[in-house]
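**Student:** Structure, please.
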Amino acid sequence: MLSKMRTNNKGFTLIELMIVIAIIGILAAIAIPNFISYRNKAYCSGAESDANAVLSTLADYYAIPAHTAAITGNLLAGGTTLAGCEFDALSNGNTGAITGDVDALTVTILDTSQRCPTDYMTAQSTAGWSSTNHTFSKEM
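**Tutor:** Below you'll find the predicted structure:
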């Protein structure tokens, strides 16, 4: 009867469990930095999307022939109304500004999280990123 109890091997050995834990650790060491990088680049995309949304709102506003005055001012994170034109809330608590005149308006969005990677902003400088102050600018 004692020999029957010893031959009944169920479960995993300590070595098998340690190998599984090591494999999970290696996968986590590879995946976590990539996840953080993708998440930080999402902040960049949020600022770019905010600028495009503001420009779209301005285009809709100026599509009405009676609207000829320049809209300039600061854009708040929670949404802003300037000269009767309503702008939606900006993502991630970003803030921004509209500057210029009717012929050339510039929308500048500040990435307030400061999490957009510098190497991304440097690579995208021709698209409107400034890596010195975490802003994205786009002209209309």
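**Student:** Show me where this structure has its helices.
**Tutor:** 2-7, 14-62, 118-123 (DSSP state H).
**Student:** just so I know, which of these lies nearest residue 74?
**Tutor:** Nearest to residue 74 among the helices of the chain is helix 14-62 (11.7 Å), distances taken as CB to CB. Every residue, glycine included, has its C-beta placed from N, CA and C.
**Student:** now the helices of the chain in a markdown table, with mean pLDDT?
**Tutor:** Below are these laid out as a markdown table (pLDDT from 0 to 100):
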| stretch | mean pLDDT |
| --- | --- |
| helix 2-7 | 57 |
| helix 14-62 | 93 |
| helix 118-123 | 89 |
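**Student:** Could you point out which of those sits nearest residue 140?
**Tutor:** helix 14-62 (5.4 Å).
**Student:** helices or strands up against the closest one?
**Tutor:** strand 85-87, strand 95-101, strand 104-110, helix 118-123, strand 135-139 (3 or more CB pairs under 8 Å, 6 or more residues apart in numbering; DSSP states H and E).
**Student:** and residue 11, which of these is closest to it?
**Tutor:** Nearest of those (CB to CB): helix 118-123, 48.2 Å.
**Student:** Please name the residues that touch residue 34.
**Tutor:** With contact set as CB atoms under 8 Å, 6 or more residues apart in numbering, residue 34 has no partners.
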